[in-house]
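# coords please:
(one chain, ligands or ions: 1)
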Amino acid sequence: MFTPEIYTARRNALRKKIKSGVILLPGNNDSPINYPANAYGFRQDSNFLYYFGLPQPGFVGVIDVDRDTDCLYANDWTMDDLIWMGPQPTVREQAALAGVKSAGNLLELAGTLGSAIKKGRKIHFVPPYRGEIKLQLSSLLGITVERLKDHVSRDLIRAIVSMREIKQPEEIAQLEEVAMTGYKMHTTAMGLCREGLGELDIAVELDKIAAHGGGRTSFRSIVSQHGETLHNLSYSGRLENGRLLLIDAGAENAMGYASDHTRTLPVSGRFTPKQREIYDIVLAANARGQELAKPGATYQSVHTEAMKVIAKGLTSLGLMKGDPEEAVAAGAAALFMPHGLGHQMGLDVHDMEGLGEKYVGYDDATTRSTQFGLGALRMGKALKPGHVVTVEPGIYFIPALIEKWEREHINSAFINFPKLHAYFDFGGIRLEDDILITPKGNRLISKHRAPITPDDVETAMAK
Ligand SMILES: [Mn+2]
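Residues are numbered from 1 along each chain as shown. The predicted structure is shown next:
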């Protein structure tokens, strides 16, 4: 945990932004796999982590704006619990770690909220994403589960986003630390990758390195020779020379901070000329993104400029045709990159996505596009110093999508469909880095960057 002062200062800042009412921030509970005592690895809710820091299940945080008080609620352990779990700190002792002076049990929480509701005070909460928290909120607030979404506090969502999106120095240190675990994951994979190995063999090594880093992977690693399937979570493939292996993987450290990097490797250790041509375009798009990301620039515009690099590159190879700028404006390059250039990252690998992308990635000045591809961009708004975003362009050859566009003559002025058939077994390439927006521009979060130029990747794989 950070020091108690940090959590107290964050709660005080949140109180100022909300002005009146009661802020209710439930932590997560253990989530059973197949019977109550056999639970998935526990992950605390990120909003609760940000304002209260405690990594254990069973807590609910209350920030009373009008009375200027904070309270943490949880049930103390029973002797039966202690027999199975060993000595545990009391709720009050844990509250002190977060700088919270009052503590109570969950029955007292129900009483406190009940009387606040009777007095007509506003209870602010954010959208719940777990079944048991929906039930808990429903019972505490007297709102049916179905209607909870109508009572979510947009003021609280906006206030939390405005704080969590600007990373504090101690958070940047955490992100730098976990980025080094991510670096180890990717460089280890480069050393391991060879024909005959299973995708699973690499995936489990990534899990192991993330665990040794103090936490776990920040999401289920993608380790796939079918990189054209954007979120391929199957590890069933056996590595074959001549194919590309896409690895999109990150770590989460003990404090809950994430890394998220993607590298694409030639299984044989050497890119074929055909692979290298496409790889170089993706690498140039990644570089263009990092060149343009700076305070004031919208990430939507950075995305569009990166797409132009992709369109120009594919036009020069004869896979696209016509004017590349017009092709991007028409949405034609999205055939090859049907996702966004990046997202915010922090305590969540897609930071704050649970609060709603329209609040995290967009604002009054930048609205989400409805165009295929650009509309999938999670982060579109103007960048500010302290933002942490991913830069992750890619080029994919998705047979089903190419065939659909060809059949329906979609953007046929810009796509050289006959030439694409030779790429149906190509797979996909994505190259992802994590950057911090600085007052003048940006920098990579990680001190060491996993090899990314084709020559450096080949050298790393030869070791
Ligand atoms: Mn990502």
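# now do the contacts for residue 315.
For residue 315, the contact set (Cβ atoms under 8 Å, 6 or more residues apart in numbering) comprises 321-322, 324, 327. (C-beta placed from N, C-alpha, C; glycine too.)
# most widely separated two among the residues you listed?
321 and 324 (9.4 Å; Cβ to Cβ).
# for those two, indicate the residue with more neighbours.
The neighbour count for residue 321 versus residue 324, taken as other Cβ atoms under 10 Å, is higher for residue 324 (22 against 16).
# doesn't residue 311 make contact with the more buried one?
Yes: between residue 324 and residue 311 there is a contact under Cβ atoms under 8 Å: 3.7 Å.
# give me the common contacts of these two.
residue 333.
# out of the contacts of residue 315, flag the one nearest to residue 420.
Nearest member of these to residue 420, counting by Cβ to Cβ, is residue 321, at 11.7 Å.
# excluding its backbone neighbours, what's nearest the closest one?
Once flanking residues are discounted, residue 321 sits nearest to residue 416: 5.3 Å by Cβ to Cβ, 6 or more residues apart in numbering.
# tell me, how many residues neighbour the one you found?
Residues lying near residue 416 (other Cβ under 10 Å) number 15.
# now it: how far from residue 21?
Residue 416 is 59 Å from residue 21, where distance means Cβ to Cβ, to the nearest Å.
# which strand residues bridge the residue in the stretch 301-450 of the chain positioned nearest to the ion?
For the stretch 301-450 of the chain, the residue closest to the ion is residue 390, as judged by Cβ to the ion, at 4.3 Å. As for beta bridges, residue 390 partners with residue 434 under DSSP bridges.
# first vs last residue of stretch 192-200, how far apart are they?
One end of stretch 192-200 to the other measures 12 Å (Cα to Cα, to the nearest Å).
# right, I mislabeled it, should have said stretch 380-388
First-to-last residue span, stretch 380-388, Cα to Cα: 13 Å.
# same question for stretch 446-453.
17 Å.
# for residue 397, the count of nearby residues, please.
22.
# now the one 4 residues further on
By other Cβ under 10 Å, 17 other residues sit near residue 401.
# and the nearest residue to it once chain neighbours are set aside, what's its pLDDT?
Once flanking residues are discounted, residue 401 sits nearest to residue 335: 6.5 Å by Cβ to Cβ, 6+ apart. Note on residue 335: pLDDT of 98.
# who are the neighbours in contact with residue 335?
401-402, 405, 411, 415.
# for PyMOL, what selects the buried ones among those residues?
Applying 16 or more other Cβ atoms under 10 Å to the contacts of residue 335, the buried members can be selected in PyMOL as follows:
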select buried, resi 401+402+405+411+415
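# okay if I get the contacts of residue 335 as JSON lines plus distance to residue 176?
Output for the contacts of residue 335, formatted as JSON lines (distance: Cβ to Cβ, whole Å):
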{"residue": "401", "distance to residue 176": "37"}
{"residue": "402", "distance to residue 176": "40"}
{"residue": "405", "distance to residue 176": "42"}
{"residue": "411", "distance to residue 176": "41"}
{"residue": "415", "distance to residue 176": "41"}
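# could you dump the contacts of residue 335 to TSV with pLDDT?
Supplementary listing: these in TSV, determined by pLDDT from 0 to 100:
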residue	pLDDT
401	97
402	98
405	98
411	98
415	98
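# before we move on, the earlier item: was I right about the residue nearest to residue 321 contacting residue 317?
No: in this structure, residue 416 is not within contact of residue 317 by Cβ under 8 Å, at 9.2 Å.
# list the buried residues for stretch 324-332?
Using 16+ other Cβ under 10 Å as the test for burial, stretch 324-332 gives 324, 327-332.
# wait, stretch 284-300
284-290, 292-295, 297-300.
# among the residues you listed, name the ones in helices.
Secondary structure from DSSP state H places 284-290, 292, 299-300 of the buried residues of stretch 284-300 in helices.
# what's the most distant pair in these?
Farthest apart among those by Cβ to Cβ are 284 and 300. That separation is 19.6 Å.
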